[in-house]
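# structure for the following, please:
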Amino acid sequence: MTTPHEHGPRMNIWKVVPQVYRGMAAFQAAAAEGLDPVIAELVKIRASQLNKCAFCIDMHLNDARKMGESQLRLDLVGAWEEAPGLYTEKEQAALALTEAITRLDGGTPQGHFVPDAVYERAAKNFDETELAHLISQIIAINAWNRFQVATRAVPASLQQSEPR
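Just a heads-up that it's a prediction; the model follows:
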């Protein structure tokens, strides 16, 4: 079977440090409480795209499809701002916040912050508890992405069959 990296995966970090996996799983579960599952998947997909985490993109696209998400919305999540009417205002606010937190560049070379306008847009669409969960979810997926990218985790779809 072909792997996406010349040398294949580096390690299965979760077998080496299972206590870290348990901690991440607990954090993920707490972050997801009370958050709309569709928004949670869109956030996970978009952050994973930005972080170039093939493992997580594959997983969350599959999860979203199982939830009944349309292929068109999944195809265009990376260009959500250019797809008028396809995503609700609440979803757009979540995706904008995802991009700002994932990039932490403030939109400028001098940045390294989440712009007030992005935060305020999210705060208008989510109550305080939802917003806290959304921020936590964004941080959780960024952490998962970094573990998977650092260890070159192979997407499940590539483990199951030869790539097309």
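
# helices or strands up against the top helix by length along the chain?
Counting residues, the longest helix found in the chain (DSSP state H) is helix 128-150. Packing partners of helix 128-150 (3 or more Cβ pairs under 8 Å, 6 or more residues apart in numbering; DSSP states H and E): helix 18-32, helix 37-50, helix 54-66, helix 89-103, helix 116-125. C-beta here means a position set from N, CA and C on the backbone, and glycine is covered the same way.

# including distance to Ser136, could those helices go into CSV?
Output for the helices and strands packed on helix 128-150, formatted as CSV (distance: least, Cβ to Cβ, whole Å):
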stretch, distance to Ser136
helix 18-32, 4
helix 37-50, 11
helix 54-66, 16
helix 89-103, 10
helix 116-125, 13
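
# tell me the most buried of these?
helix 37-50 (a mean of 23; mean count of other Cβ atoms under 10 Å).

# so for that one, what's the average pLDDT?
Taken as a whole, helix 37-50 has a mean pLDDT of 98.

# centroid residue for the protein?
Lys44 (2.1 Å; Cα atoms, centre = their mean).

# so who does the residue lying closest to that residue once chain neighbours are set aside touch?
Leaving out its chain neighbours, the residue that sits closest to Lys44 by Cβ to Cβ, 6 or more residues apart in numbering is His60, at 4.2 Å. For His60, the contact set (Cβ atoms under 8 Å, 6 or more residues apart in numbering) comprises Glu41, Lys44, Ile45, Ser48.
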